[in-house]
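In: how would this look folded up:
(one chain, ligands or ions: 1)
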Amino acid sequence: MTTTPQPTGQPAHGDDAQQAAAKRNLWLHFTRMSSYDHADVPVMVRGEGAYVYDSRGKRYLDGLAGLFVSQVGHGRTEIAEAAARQASQLAYFPLWSYAHPRAIELAERLAALAPGDLNRVFFTTSGSEAVESAWKLAKQYFATIGQPGRYKVLSRELAYHGTSMGALAVTGLAAIKTPFEPLTPGGVRVPNTNFYRAPEFVARDLEAFGRWAADEIDRAIVREGPESVAAVYLEPVQNSGGCFPPPPGYFERVRRICDSHGVLLVSDEVICAFGRLGHYFGSQRYGYQPDIITFAKGATSGYAPLGGMIASDRLMEPFAEGTATFLHGVTFAGHPVSTAVALANLDVFEKEDLLGNVRAHEAEFRATLEQLSDLPIVGEVRGDGYFYGIELVKDKSTRETFDDDESERLLRGFLSNALLDAGLVCRADDRGDPVIQLSPPLICGPEHFAEMEQILRSVLTEAWTRL
Ligand SMILES: Cc1ncc(COP(=O)(O)O)c(C=O)c1O
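Out: As a prediction, this is how the structure comes out:
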């Protein structure tokens, strides 16, 4: 499970009434609420640049961009003003049969930025909705072109693709699925690209490992029956499990496999789009052409909620004629305020060349984090762009990981709190092997990397002594 910071029994702070109301009325996501029975809920009240401040005035470096969201950083008044202007002019109108100017402008701009013939933008309000929308589009597309048997979707072990029932069926994390079964039928798992834990026969050759992992997709499609498979969902860099970048040649091979079976390739870029990997879209970094890109999070840097999918011209074709209609919609999708915010967000990207900033500094980010490799608890530092996972191990030489008990004590009992206490927002996650994840705002530079490294070094050093 993801480990949210657990209370350390610090004295009560902030407004007592606010704390009481938080504990009585607010339900935190993926959080053991009982852990706040005898301690305070951290309450973030303000943000500025790469930093956020809690209700006691304590400052934290936002090493996770909130939740892989705040690309341009906090406190951007120009984006807030764009939202206010739009709300005053037209706060709401649906995209059901109507359009509004900001949705049109944003769709045009995203189509221009997206790779190849991905020209059709369908907005949602979240990443899970984007993932579900892509599945529904794939199913209805195939039904419309006379292949109604195609309904299954392949995705990778441990991959997180959202929490609504359909998105959960695409998600590869058994622990967060079990209570909700039976799920939407059709989710099929294939191996991920965790080279650190590669099977022995490909463990010393990254390219061979990539070929094997791609060919497992081929074998799964053949096993399931190609005529029953609609799509393969892959993140450019898989987040859950701790940042698995693709081996060289992996996506090229997967693209060929999908084409050979007439299966769609969905690039789930809810995290990896909008500069996280130094490009507008993660698929551009690795040079592959998806049939659909799903996005959310960084599209607005969190100043308002927005998600969506960008589909290829080919997928739109059957819906462009006669009575054909994509039978799907969401009341708040493509909300005028959210689309105005997304446009203002993209303006900041351009004005400040944020993609350039990531590309100029990513090598230094990696090098700074890799300094931590001298610690006995650090097994591997992996990732790309401004997106890294640090895998923690009990024994570096054997790569032995922690048992459930140790993991519970290490991550929940100590690390999450200690990192927050030391002033760093990041994520200690043991949905796969235990990792610390970093995904800072794209405005960050060397001084922020150094701050992250120093905090991680001192907290991980202390963690080791407690094992
Ligand atoms: C790759 C990926 N897909 C989908 C989602 C779901 O997005 P949301 O939480 O906006 O529904 C997430 C969320 O973290 C994600 O990382």
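
In: run a quick neighbour tally on E451.
Out: Neighbour count of E451, defined by other C-beta atoms under 10 Å: 19. C-beta: built from backbone N, CA, C; applies to glycine.

In: in a strand, it, correct?
Out: No - going by DSSP: H, G, I helix; E, B strand; the rest coil, the assignment for E451 is helix, not a strand.

In: residues touching the residue in the stretch 301-450 of the chain that the ligand sits nearest to, list them.
Out: For the stretch 301-450 of the chain and the ligand, the shortest gap (C-beta to the nearest ligand atom) falls at G307, measuring 5.9 Å. By C-beta atoms under 8 Å, 6 or more residues apart in numbering, the contact set of G307 is 123-130, 270, 294-297, 299, 333.

In: with E235 instead?
Out: So E235 contacts 159, 267-272, 282 (C-beta under 8 Å, 6+ apart).

In: repeat for A80
Out: Listed by C-beta under 8 Å, 6+ apart, the contact set of A80 reads Y303.

In: excluding covalently adjacent residues, which one is nearest to the most centrally placed residue in the chain?
Out: The residue lying closest to the centre of the chain (C-alpha atoms, centre = their mean) is I271, at 3.2 Å. Leaving aside its chain neighbours, I271 sits nearest to F68 (4.5 Å; criterion: C-beta to C-beta, 6 or more residues apart in numbering).

In: local confidence estimate at the residue nearest to the centre of the chain?
Out: With respect to pLDDT, I271 scores 98.

In: count of neighbours near the nearest residue to L392 once chain neighbours are set aside?
Out: Sequence neighbours aside, P434 is the residue nearest to L392 in space, at 4.6 Å (criterion: C-beta to C-beta, 6+ apart). P434 has 24 neighbouring residues, counting by other C-beta under 10 Å.

In: distance-wise, check P434 relative to S416.
Out: To S416, P434 is 11 Å away according to C-beta to C-beta, to the nearest Å.

In: what do the two both touch?
Out: Counting by C-beta under 8 Å, 6+ apart, the residues touching both P434 and S416 are A428.

In: now do the same contact list for G287.
Out: Contacts of G287 by C-beta under 8 Å, 6+ apart are 251-252.

In: how close does it get to D205?
Out: 21 Å.

In: hmm, what's the outermost residue in the chain?
Out: The outermost residue of the chain relative to its centre, with distances by C-alpha atoms, centre = their mean, is G322 at 37.4 Å.

In: so N192 touches G241, yeah?
Out: Yes - using C-beta atoms under 8 Å, N192 is in contact with G241, at 6.1 Å.

In: tell me which of these two has more neighbours.
Out: Applying other C-beta under 10 Å to N192 and G241 shows that G241 carries more neighbours, namely 25 against 22.

In: can you pull the contacts of whichever residue of the stretch 101-250 of the chain sits closest to the ligand?
Out: With C-beta to the nearest ligand atom, the shortest gap between the stretch 101-250 of the chain and the ligand falls at G127, namely 2.2 Å. Residues in contact with G127 (C-beta under 8 Å, 6+ apart) are 161-162, 167, 268, 270, 294-297, 307.

In: just the buried ones from the residues you listed?
Out: 161-162, 167, 268, 270, 294-297, 307 (16 or more other C-beta atoms under 10 Å).

In: next, count neighbours for E406.
Out: By the criterion of other C-beta under 10 Å, E406 has 15 neighbours.

In: right, and it touches L467 too?
Out: Yes - E406 lies in contact with L467 (C-beta under 8 Å); the separation is 6.9 Å.

In: next, show the common contact partners of the two.
Out: Shared contacts of E406 and L467 (C-beta under 8 Å, 6+ apart): K394.

In: check which residues of the strand or helix carrying L67 are buried.
Out: L67 is located in helix 65-68, with elements delineated by DSSP states H and E. For helix 65-68, the neighbour count (16+ other C-beta under 10 Å) marks 65-66, 68 as buried.

In: so what touches that helix?
Out: The contact list for helix 65-68, computed with C-beta under 8 Å, 6+ apart, reads 71, 239, 270-271, 276, 297-298, 302, 387, 425, 439-442.

In: got it, and stretch 248-259?
Out: Taking C-beta under 8 Å, 6+ apart as the rule, stretch 248-259 contacts 193, 206-207, 210-211, 213-215, 217-218, 221, 232, 234, 263-265, 283, 286-289, 291.

In: ok, stretch 170-180 next?
Out: The contact list for stretch 170-180 (C-beta under 8 Å, 6+ apart) reads 1, 30, 131, 135, 153, 155-163, 165, 168-169, 183, 187, 189, 192, 233, 240, 431.

In: hmm, back to that, tabulate the buried residues of helix 65-68 (JSON lines), appending distance to the ligand and pLDDT.
Out: Below are the buried residues of helix 65-68 laid out as JSON lines (distance: C-beta to the nearest ligand atom, whole Å; pLDDT from 0 to 100):
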{"residue": "A65", "distance to the ligand": "12", "pLDDT": "98"}
{"residue": "G66", "distance to the ligand": "11", "pLDDT": "98"}
{"residue": "F68", "distance to the ligand": "6", "pLDDT": "98"}
